[in-house]
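[1] after the sequence you'll find the predicted model.
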Amino acid sequence: MSQILQMPGVPESSKQMLLRLLQEDLLPLGALKAVVESYRRVIHDAHRKNGRANFKIGDQIAHALQTMLARVNETTGNDNLRILQSAVRYFVIQNDGTGHDLETEDGLNDDARVVSAVMHYFGRDDLKVKGIPEPVPSRPQPVRGGAALPVRR
């Protein structure tokens, strides 16, 4: 189950929250479906009000999650349910530790990366979110406060 944390594309900044979400009790399938649709509407409302929430990315995420939730049946194992539920829960948490989903055009990018990794895990690359920019690799910060010390040999 925690193998999802090692999937390519899962932002490092998202892993702690995903780990917590993977440990939650399973919710009823109907509740997960309802919360995805509800949050999709929240994203659209936020876009109408402030113009910053990216409803196109939100729609892609919601579509991917709804498609996978519709395929859940009695043969779906608990580990796979937890992975899918953690993606749903991550999506609907507005301030998931990497910024607020609804306040900037790129607020849902981390959600899109998490959901895309989950779609890849399930072999559904056709449901991966398109149009999100590649994350900028973090660079080491320069040392501040003076000149570099000479190297001793």
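    The structure has been received and is ready for your questions.

[2] hey, let's count contacts and neighbours off CA atoms from now on
    Will do.

[3] give me the distance between the nearest residue to residue 18 once chain neighbours are set aside and residue 3.
    Once flanking residues are discounted, residue 18 sits nearest to residue 86: 6.4 Å by C-alpha to C-alpha, 6 or more residues apart in numbering. To residue 3, residue 86 is 13 Å away according to C-alpha to C-alpha, to the nearest Å.

[4] who has more neighbours, these two?
    Set residue 86 next to residue 3 and count neighbours by other C-alpha atoms under 10 Å: residue 86 wins out with 24 against 8.

[5] does the residue nearest to residue 18 touch residue 25 like I think?
    No. The criterion here is C-alpha atoms under 8 Å, and residue 86 misses it with residue 25 at 10.3 Å.

[6] what sits closest to residue 23 if chain neighbours are left out?
    residue 82 (7.9 Å).

[7] burial of that neighbour, as a residue count?
    Neighbour number of residue 82 under other C-alpha under 10 Å is 20.

[8] part of a helix, is the residue nearest to residue 18?
    Yes. Under DSSP: H, G, I helix; E, B strand; the rest coil, residue 86 falls within a helix.

[9] nearest the geometric middle of this protein, what residue?
    residue 111 (2.4 Å; C-alpha atoms, centre = their mean).
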